[in-house]
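Asker: What shape does this take:
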Amino acid sequence: MAARIDHLVTSGTFSLDGGTWDVDNNVWIVGDDVEAVVIDAAHDAEAILEALAGRTLRAIVCTHAHNDHIDAAPALASRTGALIHLHPDDLPLWKQTHPDTAPDAYLADGQVLTIAGVDLTVLHTPGHAPGAVCLHAPDLGTVFTGDTLFRGGPGATGRSFSHFPTIIDSIRDRLLTLPPGTEVRTGHGESTTIGDEAPHLEEWIEGGR
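Answerer: This next block holds a predicted model:
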């Protein structure tokens with residue numbers, strides 16, 4: 001059975017620095033008919049379980065620990081027995097949402113997670129958050145970027161734990177070096193490609209100064 005990517009959108013709120021905003025989040029499921037991993041368990045564990053359709057969940061991978069990307073992770077883990085994976089640099093953010101729990105495993109740059117015969121390589125891409133990661137799946141022609149890179153530019157860096165020059169370095173050095181045809185599947189909104197975004201790097205830098 002060939003691996004595939006399933007997608008659902010869940011809705012909730014994002015809260016940080018005393019503010020709260022309504023958001024729609026992309027939840028990505030990578031796997032086949034037997035097993036899968038979930039990338040960013042956002043808002044609605046029941047909806048994610050329904051989308052899994054009885055498949056064995058091998059892991060819940062968090063691209064970063066802003067609450068809207070992790071709020072449903074413990075409930076989903078409890079229902080499935082899957083381990084929650086997070087980069088350790090985002091543990092302070094995790095604790096803001098889940099002070100009484102911790103991730104089960106920590107991600108490292110260059111680590112490879114394999115599901116349904118497909119490798120997902122962890123790329124540490126700080127800037128939007130200290131422990132932000134992207135997941136590159138070359139066999140699927142895809143990179144899952146969380147909130148590091150969107151259609152039209154970098155993720156937000158105007159709040160605590162974020163830094164604009166760092167996210168630009170991450171995008172330039174870790175993402176724009178991927179093949180131009182690589183599909184960029186984001187944490188919010190529409191997908192794009194590396195080739196569509198790469199020409200705009202200098203515009204982003206000028207706009208962020």
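Asker: ok, residues contacting stretch 91-99?
Answerer: Stretch 91-99 is contacted by residues 16, 62, 64-67, 70-71, 73-74, 86, 102-103, 129-131, 161 when judged by C-beta atoms under 8 Å, 6 or more residues apart in numbering. C-beta here means a position set from N, CA and C on the backbone, and glycine is covered the same way.
Asker: Make a PyMOL selection of whichever of these turn out to be buried.
Answerer: Typed into PyMOL, the line below selects the buried ones among the contacts of stretch 91-99, using 16 or more other C-beta atoms under 10 Å:
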select buried, resi 16+62+64+65+66+67+70+71+73+74+86+103+129+130+131+161
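Asker: Out of the contacts of stretch 91-99, list just those in helices.
Answerer: 67, 70, 73-74 (DSSP state H).
Asker: List the buried residues in the lowest-mean-pLDDT helix or strand in the chain.
Answerer: Here the helix or strand of the chain ranked lowest by mean pLDDT, DSSP states H and E is helix 201-208, holding a mean of 90. Buried residues in helix 201-208, defined by neighbour count with 16+ other C-beta under 10 Å: residue 204.
Asker: then that helix to CSV, C-alphas only?
Answerer: The C-alpha coordinates for helix 201-208 follow below in CSV (Å, rounded to 0.1, in the frame of the first residue of the first chain):
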residue,chain,number,x,y,z
LEU,A,201,13.3,36.0,0.0
GLU,A,202,14.9,39.4,-0.4
GLU,A,203,11.5,41.1,-0.3
TRP,A,204,10.7,39.4,3.0
ILE,A,205,14.0,40.5,4.4
GLU,A,206,13.4,44.1,3.4
GLY,A,207,9.9,44.0,4.7
GLY,A,208,11.0,42.7,8.1
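Asker: Does anything pack onto that helix? Which helices or strands?
Answerer: Using 3 or more C-beta pairs under 8 Å, 6 or more residues apart in numbering; DSSP states H and E, the elements in contact with helix 201-208 are strand 153-154, helix 164-170.
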